[in-house]
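Participant: here's a sequence, model it:
(2 chains)
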Amino acid sequence: MPVKEGIYGLLAEFDTPGALVDATEAARDAGYRRMECYTPYPVEEAAEALGAVRNRVPLLTLMGGIMGLTTAFLMQTWISRWGYPMNFAGRPLFSWPAFIIPTYEWTILFSGLSAAFGMLALNGLPQPYHPLFNAPNFRQGATDHKFFLCLEAIDPKFDVNETRAFLEQFHAVSVVEVDL
Amino acid sequence: MATKGQISDPMIDPKTGEFAVIAPGHNFKSVTEKIAGVVLTSNTPLGWFFGLIVASGVATFLVIAVTWLFLKGVGIWGVTIPGAWGFAIINFVWWIGIGHAGTLISAILLLFKQTWRNSINRFAEAMTIFAVCCAGLFPVLHVGRPWLGYWLFPYPNTMNIWPQFRSPLCWDVFAVSTYATISVVFWYIGMVPDFGTLRDKAQSPLAKFVYGLLSLGWRGSTRHWMRYETASLLLAGLSTPLVLSVHTVISFDFAVAALPGWHTTIFPPYFVAGAIYSGFAMVLTLAIPIRKFYHMEDLVTLRHLDNMAKVMLGTGLIVAYGYGMEVFMAWYSASHWEFFMMWNRMFGPMGWGYWILIATNIAIPLTTLWSRKLRVNVTYLFILSLIVNTGMWFERFVIVVTSLYRDFLPSSWGTYKATKWDYMLYVGTLGMFSFLFLLFVRLAPMIPMNEIKMMLPQTKIKGLDAETTIEETA
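Facilitator: As a prediction, the model looks like this:
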């Protein structure tokens, strides 16, 4: 692994989303891949510049939904037909139209929980510690009004001096090293 | 419509003649400072303490009423045969209905790309959750032995018995518990990035620690944001059929019973529309004092109030159609029982309830909400929201009580009279609701900062960096 000892990456700070997107696009064109933008609100253009437009949250949600649907329907069928068969006003034991409503609810319940917790899991959250929080200026603005681009040290193209010079072309407010 | 004087108003967008969604002059930093400032300040406004004292004072009624109920049993309530479903179910349906506007604002308006919702969705969702808490109390207390309430859920047990899935009351358990869970998850996930902002802005070590835990280590990574946006959209897409199904299932509690006044197919849509109607009234009841108290008029603008009033007008008309159709079907069905029920509802001993309902739900709001002048008159809207909340409570009272107390056989007729314990429990939940809401306003970001930032003009990205910079400084 070409990891540089003791450094996570170089963090460039920008004042506007436009400057961030320009720098990100240029970094990608220059061949950098291990990089990430940090913004106070979702910036779709930054995601496009990173090439991160698709994700697996919908797939997880679909799987959750199918699981909820089958769980609820099979559970009710088993309970009403085999687990606790009772004659309620002569209705059939397997009265599936009545089972649709709890099935519908659990489909939504399971898929909703999958969407929420699946999103957190794919994001690797909760993660209380991250090297970026070591950067002196990151917590001053990443969740407030500043836009950051971090080129990570594990990128094969990364070199502290060259990468710093590269980032400084883009009117960054500052470029700082992030300690591991 | 707008006169010259109104166009010069900075709150009106000159292009459309509509009120601006956000007052001009805000930037990323000012939005954060304004919203996070309410939470992170060490100077809690005195008015907040005053509100909290009043709310907790009222909530003690709930504690007293529930304690006495546990000691004595549901016999202390006015419920009896034939009026077996009294205040408990009225208040349950009323509270759940109020919650529905929160989900409508956060989910359905998100799908319709109504960005004006961004200012009000957070506290509307909070309202949903606290309303569902209040609603959930009533059926649990009404089962008689609330400590065995978990018997409602299908779980393997030594008694070897299981729920009965052909009953709407069992469906209710599934619908309401799903609704509560998904609402809490949606609300919390929505707040995670804002908790990150609070963590970074906080000065006191305790606030840093607590908001740090709640933020789950959120750092605004773009890849995270994209998954987050997908998950929000999916949750919105799932909440939309959910919220429609919840009140539908609740209406089945009534509609499936073979009782005149309940046994109608119009109940599901009419219940859902009524729920949204009362929910928007409650959002206005909460939003109007809060925007005034915290000087949020630049983020919750007249545009929001105007739009909410329009939604109320629309749903109110659906509700009016529902009432009209009930009367029409009572006549058209040629059913003696239906006809008598309707006559008794209007002119029987409890006919006053019906006429209060018509006045507060139909006559007053649906004649005045057409006027733009009145829709943007904050005082009028506040009073109207209280009127509609009253009206929607009476709607449930009329449906539950006047259908039950005089059914088929005159020999089984009775009456219904709520006791002081019924009233105390109801008033107590109002106190609990206000108490929870005040805590929320003080401890959590009541307006989603990241979503407000997305609506600012500074988010526009031009092809050239230089242009963006010029626009920024201009």
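Participant: could you give me the buried positions within stretch A:172-180?
Facilitator: A:172, A:175-178 (16 or more other C-beta atoms under 10 Å in any protein chain shown). C-betas here are computed from N, CA, C, even on glycine.
Participant: now those in a markdown table, with secondary structure?
Facilitator: Shown next, in a markdown table, are those (DSSP: H, G, I helix; E, B strand; the rest coil):
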| residue | secondary structure |
| --- | --- |
| A:A172 | coil |
| A:V175 | strand |
| A:V176 | strand |
| A:E177 | strand |
| A:V178 | strand |
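Participant: which one among these gets closest to A:F166?
Facilitator: Using C-beta to C-beta, A:V175 is the member of the buried residues of stretch A:172-180 that lies nearest A:F166, at 9.4 Å.
Participant: quick one, grab the pLDDT at the closest one.
Facilitator: Listed pLDDT for A:V175 reads 85.
Participant: list the residues that contact it.
Facilitator: Applying C-beta atoms under 8 Å, 6 or more residues apart in numbering or on different chains, we find A:V175 in contact with A:10-13, A:164, A:167-168.
Participant: and the strands in chain A, which stretches?
Facilitator: A:7-14, A:35-38, A:147-152, A:174-179 (DSSP state E).
Participant: closest to B:L238 out of the ones you listed?
Facilitator: strand A:35-38 (28.5 Å).
Participant: can you give me the strands for the stretch 51-200 of chain B?
Facilitator: In the stretch 51-200 of chain B, no strands are defined using DSSP state E, counting those that start in this stretch.
Participant: might you enumerate the residues of it proximal to chain A?
Facilitator: With the criterion set to C-beta under 8 Å from any C-beta of the partner chain, the stretch 51-200 of chain B comes near chain A through B:154, B:160-166, B:170-171, B:174-175, B:178, B:181-182, B:185-186, B:189, B:192-193, B:196-197, B:199-200.
Participant: avg pLDDT for stretch A:31-49?
Facilitator: For stretch A:31-49, the per-residue pLDDT averages 88.
Participant: tell me if that stretch is near chain B.
Facilitator: Yes - against chain B, stretch A:31-49 shows contacts by C-beta under 8 Å from any C-beta at A:36-47.
Participant: and of the contacts of A:V175, the nearest to chain B?
Facilitator: Taking C-beta to the nearest C-beta as the measure, A:L11 is the one of the contacts of A:V175 closest to chain B, at 11.5 Å.
Participant: quick revisit: export the contacts of A:V175 to JSON lines and tack on pLDDT and neighbour count?
Facilitator: Compiled in JSON lines, these are given as follows (pLDDT from 0 to 100; neighbours: other C-beta atoms under 10 Å in any protein chain shown):
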{"residue": "A:L10", "pLDDT": "87", "neighbour count": "25"}
{"residue": "A:L11", "pLDDT": "89", "neighbour count": "27"}
{"residue": "A:A12", "pLDDT": "89", "neighbour count": "28"}
{"residue": "A:E13", "pLDDT": "90", "neighbour count": "23"}
{"residue": "A:R164", "pLDDT": "86", "neighbour count": "16"}
{"residue": "A:L167", "pLDDT": "86", "neighbour count": "22"}
{"residue": "A:E168", "pLDDT": "85", "neighbour count": "13"}
